[in-house]
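>>> got a sequence here, can you build the structure:
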Amino acid sequence: MRIEEDLIGKMAIDQDVYYGIQTVRACQNFSISGRTIELYPHLIKAMAYIKKAAAMSNYSVGALDEKKKDAICQATDDVLNGQMKDQFPVDIYQAGGGVSINMNINEVIANRANELLTGHKGYDCIHPNEHVNMSQSTNDVLPSAMKMACYFYIEDLLISLNNIERTLANKTDEFSNVVKIARTCLQDAVPITLGQQFSGYHSFIRRQIEDIKKLQKECLSIVIGATAVGTGIGAAAGYIDKMYEYLPVVSSLSIYKEENFFDGLQNADIYIKFSAYLKGLSSGLSKLSNDLRLLSSGPRAGFAEIILPAVQPGSSIMPGKINPCMPEMVMQVCFDVYGNDQAITFAVDRGELDLNIWEPIILKNLFESFSLLTNAITLFTEKCLDGIKANKTICMNNAEKSLSLSVIISSLFGYKVANEVVVKAFEKSLTIKEVAIDMGLLNEEDASKFLNPENLTDFMKMQDLLNSKGNHF
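Here you go, the predicted model:
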């Protein structure tokens, strides 16, 4: 055991751990959820980058000697390399402001740096507050690290989004000649192709990719150097300029200084932007997932227009039942994202005066939403979308039987005549084509041409057909 001391008193610390007294106090005070900051590796990485750049900056302006700088940099490299990944036990639910998060990082780096210099843990050479946290405050470190972490989470999400975009593009092409019936208000509408339907899903994802790339750039404007409230109090002379010189090099990110530090500390609306984006993405993913549930419903008493890959048995009592498991999983993830967005909104709203202190709950919910969607999209793409097959026979049968083909009769002969055709077709369980022939409106050849669902999925073909009769929409 080793003895550490803070303003409250002394405490014996297990010699095997690299964190110290303030981390242990946080663990004792906030044993709430079991969700510790080690579950957020992008945050730890971002904070390590900041600590390394700070050591380099403080050395550059003469506030830290070279020996201490080198030890701190080596210790942060050990954190970045994952050697300390089990040394961050602080619960994400904690006192506002995230001091416990910052001190956990500071203590791990300090003990490791001291070990490098002296062969043992402790603060006789490197102190977590005096040296690792030099020229910094939790108030500027944590929000800066959060935005940098968001950049990394977006990088992960983009990989998943690019994969699903490619898959949906492939399905759009694969299903381009599969004629089916469209549905509005869950009722039969006019014919389309399954490829046209999937093109809508594909376009949505492609738009999401462009939107998040634009939003990602906002992650690069940070408040490091603001220290406690925006004035830079406690920072060594010249430190701020050096931070914006070294941090981009250390992190490989094009970091730049936020225009107004006071704004950056007081307001956390950027996280509402990120969360709103994730909520919007979720709304489209959930809609897509629910559409797949409907289109694959059956297989004998539902739409049954597509076949989803079977990934597991769907019932403990009904043999042979297969459920749309992956779409159901995605929808549940999306519901969770909606709830996280609400918590983030409250936390941003409750910032007061010169600092928003609710960043721990913001980062918990935001990073969780990023991770949930990234993982869900990856599995959804691999285990569902890649393997979707079209039931071409059912798709075409539904299209041919649809009463909505009466829109062509209306264009050719007027709305009143079309109504008569629809009523007769419905009452006698006939197709629009059969009634049109029976009423003498069209001969067999014209009926097969004008009421062919394959022709009606192409606007130009429809126009040419109608113009050949001297009519148009």
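
>>> now do the strands in the stretch 51-200 of the chain.
Listed in chain order, the strands found in the stretch 51-200 of the chain under DSSP state E, counting those that start in this stretch are 179-184, 187-193.

>>> export those to JSON lines and tack on mean pLDDT?
Shown next, in JSON lines, are those (pLDDT from 0 to 100):
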{"stretch": "strand 179-184", "mean pLDDT": "95"}
{"stretch": "strand 187-193", "mean pLDDT": "93"}
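
>>> next, format those as JSON lines and append mean neighbour count.
Any C-beta I mention is one placed from the backbone N, CA and C, and that applies to glycine too. Listed next are the strands of the stretch 51-200 of the chain as JSON lines, based on neighbours: other C-beta atoms under 10 Å:
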{"stretch": "strand 179-184", "mean neighbour count": "20"}
{"stretch": "strand 187-193", "mean neighbour count": "19"}
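
>>> tabulate these (JSON lines), appending distance to residue 463.
Listed next are these as JSON lines, based on distance: least, C-beta to C-beta, whole Å:
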{"stretch": "strand 179-184", "distance to residue 463": "18"}
{"stretch": "strand 187-193", "distance to residue 463": "14"}
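
>>> looking at the ones you listed, which is nearest to residue 429?
Nearest to residue 429 among these is strand 187-193; the distance by C-beta to C-beta comes to 14.3 Å.

>>> quick one: end-to-end distance for stretch 124-140.
27 Å (C-alpha to C-alpha, to the nearest Å).

>>> relative to residue 406, which of the strands of the stretch 51-200 of the chain is closest?
Closest to residue 406 of the strands of the stretch 51-200 of the chain, according to C-beta to C-beta: strand 187-193, at 9.7 Å.

>>> residue contacts, the residue nearest the centre of the chain?
The residue lying closest to the centre of the chain (C-alpha atoms, centre = their mean) is residue 370, at 3.9 Å. Counting by C-beta atoms under 8 Å, 6 or more residues apart in numbering, residue 370 makes contact with 150, 153-154, 156-157, 278.

>>> for the record, mean pLDDT for the helix or strand hosting it?
Using DSSP states H and E, residue 370 maps to helix 359-383. Helix 359-383 shows a mean pLDDT of 97.

>>> what's the distance between that helix and the middle of its chain?
5 Å (C-alpha atoms, centre = their mean, to the nearest Å).

>>> try stretch 355-373
12 Å.

>>> any idea of the pLDDT on the nearest residue to residue 235 once chain neighbours are set aside?
Spatial nearest neighbour of residue 235, excluding adjacent residues (C-beta to C-beta, 6 or more residues apart in numbering): residue 135 at 4.1 Å. The score at residue 135 is 98. That number is its pLDDT.

>>> residue 467 too?
76.

>>> name the SS class of it, please.
helix (DSSP: H, G, I helix; E, B strand; the rest coil).

>>> measure it to residue 236 for me?
Separation of residue 467 from residue 236 (C-beta to C-beta, to the nearest Å) stands at 79 Å.

>>> tell me which of these two has more neighbours.
residue 236 (18 against 10; other C-beta atoms under 10 Å).

>>> for residue 135, see how far away that one is.
5 Å.

>>> what's the closest non-adjacent residue to residue 216?
Nearest to residue 216 is residue 154, by C-beta to C-beta, 6+ apart, at 4.6 Å.

>>> burial count for residue 213?
Around residue 213 there are 12 residues (other C-beta under 10 Å).

>>> distance of the nearest residue to residue 278 once chain neighbours are set aside relative to residue 272?
Excluding its sequence neighbours, the residue lying closest to residue 278 (C-beta to C-beta, 6+ apart) is residue 369, at 4.7 Å. For residue 369, the distance to residue 272 equals 12 Å [C-beta to C-beta].

>>> which one's more surrounded, those two?
Neighbours per residue (other C-beta under 10 Å) separate residue 369 from residue 272, with residue 369 holding more: 28 against 19.

>>> helices of the stretch 301-450 of the chain, start to end?
325-349, 359-383, 392-401, 406-413, 415-428, 432-438, 444-450 (DSSP state H, counting those that start in this stretch).

>>> ok, the stretch 1-150 of the chain next?
Taking DSSP H, counting those that start in this stretch, the helices of the stretch 1-150 of the chain run over residues 21-29, 41-60, 66-80, 99-118, 138-174.

>>> now these as JSON lines including mean neighbour count and distance to residue 4?
Below are the helices of the stretch 1-150 of the chain laid out as JSON lines (neighbours: other C-beta atoms under 10 Å; distance: least, C-beta to C-beta, whole Å):
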{"stretch": "helix 21-29", "mean neighbour count": "19", "distance to residue 4": "4"}
{"stretch": "helix 41-60", "mean neighbour count": "25", "distance to residue 4": "19"}
{"stretch": "helix 66-80", "mean neighbour count": "20", "distance to residue 4": "17"}
{"stretch": "helix 99-118", "mean neighbour count": "25", "distance to residue 4": "9"}
{"stretch": "helix 138-174", "mean neighbour count": "21", "distance to residue 4": "19"}
